[in-house]
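Participant: Need a 3D model of the following:
(one chain, ligands or ions: 2)
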Amino acid sequence: MTTDEKFMHRCLQLAKKGEGFTRPNPMVGAVIVHDGKIIGEGYHRQFAEAHAEVNAVRSVKDPSLLSSSTLYVSLEPCAHHGKTPPCADLVIEKGIPKVVVAVLDPNPKVSGKGIEKMRRAGIEVTVGTLEKEAEDLNRFFFVNQLYNRPYVILKWAQSADGFIDHSRSSAEVAPAQISNEVTHSIVHKFRTRVEGIMVGTDTAILDNPKLTARKWYGDNPTRIVIDREGRIPSNAAIFNDDAKVIVFTRGDYRVKKENVKPIIIDFEGDTNRQILQQLYTERIHSLLVEGGARLLSTFIEKNLWDEAFIEVAAKRLLTGVKAPSIPLDNAIINRYLDSTQHHLKNKITQNFL
Ligand code: AOF
Ligand code: ZN
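Facilitator: Ligands and ions are numbered 1, 2, ... in the order given. Below you'll find the model as predicted:
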């Protein structure tokens, strides 16, 4: 690890402290180094509050050292007037002569402009130290900014022989038990990390899931369900009062509850894309798709997914509903979405314990 990487690693550590509090803003960390020693640290603690650079500068006890220090920051300092003034201006104003940045900000209001501003002021700026790690940390934010849609995570459990359930046509028959208590809790943890959780009509009817994160500490995501023809009974668990619900439907929706918001779409053309666009305007920046197989497959076919968590159990079912098909040769596969500019990959994590 080079010296620059060591200090950038510290920035990433600091950035992670903001996990869960900054969204949909990125997690960002910054350190200020003088004579090989860290003299200041900061991170973006909370959405709408001070940026990492501001907190790092504030933490320096002797501000006269700033004019001979290096600022390390895990995201390009901003150049725009948002909820806070531009960080690039702060760096210039404080006379910091050198800045090491991990990755450019994908936000079109910033991208490249922060770097340009600082360089124009005579600051030595390098970009690209631990770039992949920095992008990976903020992968939700990168996908949001680059594609204007939620970050999409697919999740399912399958038997060793590739089935996600036995064939059922009624909710009277219990679903096949593939995951165990421990993986169940981990799935609930995933649920606290996203803003939306989605299932198809048949899953909502047959499994009758609550889709809450009750086995983990944290917030319930908004539940999202597709119910084109209004087939889901109004007493289904998904409509209980534990969390909000968004229903994608074709016409007037008969379930009228305060926590249930119907959104009418025409179901023509690219439905997945339409749904993601609508969810993005509803401020759902990350989405966990939990089934069924048909809904998951549509996201895979359209390449509208970013990450998949697949639990492969030891038991066999021999027959039933086939699991979606996705390359499974590695625990994490490296399929670049856009290898020319970004390191974002479609990630697959198999057996996530
Ligand atoms: C930085 N340092 O620590 C963060 C940055 O609404 P605002 O004012 O908080 O601005 C949000 C945007 O600022 C966000 O979309 C991203 O482009 C950038 N975030 N920039 O220099 C930080 N969190
Ligand atoms: Zn900023």
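
Participant: so Lys189, which of the three states?
Facilitator: Classification of Lys189 by DSSP: H, G, I helix; E, B strand; the rest coil places it in helix.

Participant: Give the bridge partners for Ile32, please.
Facilitator: In this entry, Ile32 is beta-bridged to Gly40, Leu71, by DSSP bridges.

Participant: Quick check: it vs Leu14, distance?
Facilitator: Ile32 sits 12 Å away from Leu14, going by Cβ to Cβ, to the nearest Å. Placement of C-beta: from N, CA and C, glycine included.

Participant: same question, Ser325
Facilitator: From Ser325 to Leu14 the distance is 40 Å (Cβ to Cβ).

Participant: Run through the residues of the stretch 251-353 of the chain sitting next to ligand 2.
Facilitator: Nowhere does the stretch 251-353 of the chain come near ligand 2, counting by Cβ under 5 Å from the ion.

Participant: mind listing the helices for the stretch 251-353 of the chain?
Facilitator: For the stretch 251-353 of the chain, the helices defined by DSSP state H, counting those that start in this stretch occupy 271-281, 293-301.

Participant: Let me see the backbone angles for the closest residue to ligand 1 within the stretch 151-300 of the chain.
Facilitator: Nearest residue of the stretch 151-300 of the chain to ligand 1 (Cβ to the nearest ligand atom) works out as His285 at 11.2 Å. The phi and psi values for His285, taken as degrees, to the nearest 10, are phi -100, psi -10.

Participant: where along the stretch 101-250 of the chain do the helices fall?
Facilitator: Using DSSP H, counting those that start in this stretch, the helices of the stretch 101-250 of the chain run over residues 113-120, 131-137, 139-147, 181-193, 201-206.

Participant: Which of the residues in the longest one are classified as buried?
Facilitator: Same thing as helix 181-193. By 16 or more other Cβ atoms under 10 Å, the buried positions in helix 181-193 come out as 183, 186-188, 190-193.

Participant: Of those, which is the nearest to Glu135?
Facilitator: Among those, Arg193 lies closest to Glu135 (Cβ to Cβ), at 17.7 Å.

Participant: Lowest-scoring secondary structure element of this structure by mean pLDDT?
Facilitator: Lowest mean confidence among the helices and strands of the chain (mean pLDDT, DSSP states H and E): strand 335-336, at a mean of 32.

Participant: Nice, that's everything, thank you.
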